[in-house]
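# the sequence isn't on hand, but the structure is:
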């Protein structure tokens with residue numbers, strides 16, 4: 001309402017909140033949801049049994065934890081998923097060890113289910129797919145959380161670079177990267193794609209003279225920038 005009444009006023013969203021919303025919507029993608037549920041079953045079993053947690057840390061992960069805090073609950077979930085993937089060999093060894101096999105938990109329904117998940121090669125391939133798809137955005141989130149880059153035009157650039165990274169990781173296979181691109185675009189178009197941010201990006205020489213710059217500020221986005229600059233210039237002359 002205020003933006004409609006005062007044309008020079010606009011609302012600035014919280015960058016960290018917006019990127020966290022992107023991560024939350026990633027969780028709604030079927031493959032991500034499946035991997036997250038199974039990953040949580042692994043961590044729940046291990047962390048609910050002190051002896052199993054101690055066994056893992058003392059003999060298989062060299063004292064490293066699986067759970068990893070990362071600012072928000074959603075970001076922490078993805079960081080933990082990445083940790084699980086990094087320690088997949090150690091986890092497989094643990095669930096094949098004599099100490100696990102001789103424990104009463106190995107014959108329980110929960111223990112059997114988790115062991116089956118950990119030893120499933122397809123599960124880890126899906127985990128790797130999810131990690132590769134989410135990691136570029138998680139990097140942007142961590143960058144924002146550390147205060148390294150707080151300017152919205154820089155966030156706009158970082159998100160664009162993250163999109164390109166996801167596409168490249170999947171070898172330009174649209175079936176693999178499009179579900180994640182759709183989530184990113186939905187939030188970018190509604191929150192980040194303000195003419196002022198695009199104009200700041202357009203006028204920044206560190207971006208302006210890159211070879212791939214035209215692919216960012218073209219068509220409607222370019223027109224938004226031009227119209228904004230004309231409007232802002234005319235308002236200054238009044």
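Nice, thanks for sending it over. Every value quoted in this text rests on a predicted model; they were computed, and no experiment measured them.
# run through the protein and note the low-pLDDT ranges.
By pLDDT under 70, the low-scoring segments of the chain are 1-13, 147-153, 189-199, 207-209, 211-238.
# one more time with 50, if that's ok
Across the chain, the ranges flagged by pLDDT under 50 are 215, 217-220, 222-223, 226, 230, 232-234, 236-238.
# for the lengthiest helix in it, packing partners?
The longest helix of the chain (DSSP state H) is helix 121-145. Helices and strands touching helix 121-145, by 3 or more CB pairs under 8 Å, 6 or more residues apart in numbering; DSSP states H and E, are helix 15-26, helix 30-48, helix 73-86, helix 152-169, helix 174-187. All C-beta spots, glycine's among them, are computed from the backbone N, C-alpha and C.
# same thing but 10 Å
Applying 3 or more CB pairs under 10 Å, 6 or more residues apart in numbering; DSSP states H and E, we find helix 121-145 packed against helix 15-26, helix 30-48, helix 73-86, helix 88-94, helix 109-118, helix 152-169, helix 174-187.
# count the residues that sit near residue 174.
10 (other CB atoms under 10 Å).
# quick one: contacts for it?
167, 181 (CB atoms under 10 Å, 6 or more residues apart in numbering).
# what about it, distance to residue 26?
Separation of residue 174 from residue 26 (CB to CB, to the nearest Å): 17 Å.
# sorry, back to before: now do the longest helix of the chain and helix 15-26, the angle between them.
170 degrees (axes from the mean of the first three to the mean of the last three CA atoms, to 10 degrees).
# just the buried positions in helix 121-145, please.
123-124, 126-127, 129-138, 140-141, 143-145 (16 or more other CB atoms under 10 Å).
# ok now it, how far from the chain's centre?
6 Å (CA atoms, centre = their mean, to the nearest Å).
# what do you get for stretch 54-63?
Between the centre of stretch 54-63 and the centre of its chain there are 28 Å (CA atoms, centre = their mean).
# likewise stretch 54-68?
25 Å.
# for stretch 118-134, same thing?
Going by CA atoms, centre = their mean, where stretch 118-134 is centred and where its chain is centred differ by 15 Å.
# and if you look at stretch 168-176?
16 Å.
# so what would you say the end-to-end distance of it is?
End-to-end span of stretch 168-176 (CA to CA, to the nearest Å): 11 Å.
# would you confirm that residue 71 contacts residue 143?
No: the criterion here is CB atoms under 10 Å, and residue 71 misses it with residue 143 at 11.2 Å.
# about what we covered before: okay if I get the helices and strands packed on helix 121-145 as CSV plus distance to residue 206?
Supplementary listing: these in CSV, determined by distance: least, CB to CB, whole Å:
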stretch, distance to residue 206
helix 15-26, 19
helix 30-48, 33
helix 73-86, 28
helix 88-94, 39
helix 109-118, 46
helix 152-169, 9
helix 174-187, 22
